[in-house]
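>>> please find the sequence and the predicted model below.
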Amino acid sequence: MLLPKHVKESIITMTELVLPNHTNTIGTLLGGQLMHWIDVCGGLSAGKHSQQVCVTASVDRIDFHHPIKLGQVVQLVSSVNRAFHTSMEVGVRVFAQSFKDGTTFHTNTAFLTFVAIEDGKPVNVPEIIPESDDEVRRYHEALSRREARLQNRG
């Protein structure tokens, strides 16, 4: 029997510096590069929660609120919003920091689903215990997103 875990036990924080090879011709972070970092950060949260190798099953949405520029520092913070049988919804929040200006701003939000895998097959994952009001809200919203995903499968 898998023991439930708290959301705070799944938190991962990654920090990346936007270098020239991460940018497009106008000096802003490539969307694909950011999506890669989001996928890695989210996958680490899922793996930390489940203690298994986790694979990406879906990306529900990535909202781009502000461009991230060359030389800025990107901080990604992820945690499991809700665990189902073998899958987990992970939320990733992205912030950009300018050390020069001393500013930090929220740039992106993403929701991804990961499946825990062992010997090539999905395995059960522990339930998640939301504690704060924000965690409880995200927990309930994750179920709504899952229902919409399943309905749209076709």
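Everything's here; your move. Residues are numbered from 1 along each chain as shown.
>>> which residues does the helix or strand hosting V59 contact?
Following DSSP states H and E, one finds V59 within strand 53-64. With Cβ atoms under 8 Å, 6 or more residues apart in numbering as the test, strand 53-64 has contacts from 31, 34-35, 38-39, 42-43, 46-47, 87-89, 107-118, 145, 149. Any C-beta I mention is one placed from the backbone N, CA and C, and that applies to glycine too.
>>> now do the strands in this structure.
5-6, 12-17, 53-64, 73-83, 87-98, 103-118, 121-122, 128-129 (DSSP state E).
>>> ranking those by mean pLDDT, which is last?
Lowest mean pLDDT within the strands of the chain: strand 53-64, at a mean of 91.
>>> returning to that earlier point: buried ones in the strand holding V59, by neighbour count?
Residues of strand 53-64 classed as buried by neighbour count (16 or more other Cβ atoms under 10 Å): C54, A57, S58, I62.
>>> ok, those residues vs T25, which is closest?
I62 (21.5 Å; Cβ to Cβ).
>>> for that closest one, give the beta-bridge partners.
A110 (DSSP bridges).
>>> cool, and F95?
With DSSP bridges as the rule, F95 is bridged to Q75, H106.
>>> now do the same contact list for it.
Per Cβ under 8 Å, 6+ apart, neighbours of F95: V74, Q75, L76, V77, T104, F105, H106, T107.
>>> from L29, how far out is it?
Taking Cβ to Cβ, to the nearest Å as the measure, F95 falls 13 Å from L29.
>>> find the residues that touch each one of the two.
With contacts defined as Cβ under 8 Å, 6+ apart, the residues shared by F95 and L29 are V74.
>>> what's V125 in contact with, if anything?
Applying Cβ under 8 Å, 6+ apart, the residues contacting V125 are L2, H49, S50, Q52, A83, F84, H85, T86, S87, M88, A116.
>>> select only the buried ones of those residues in ChimeraX?
The ChimeraX selection below is limited to those of these classed as buried (16+ other Cβ under 10 Å):
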select :49,50,52,83,84,86,87,88,116
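>>> and which of the contacts of V125 is nearest T23?
Nearest member of these to T23, counting by Cβ to Cβ, is M88, at 31.7 Å.
>>> ok, that closest one touching V80?
Yes: between M88 and V80 there is a contact at 4.9 Å, judged by Cβ atoms under 8 Å.
>>> which neighbours do the two share?
Joint contacts of M88 and V80 (Cβ under 8 Å, 6+ apart) are A46, H49, I128.
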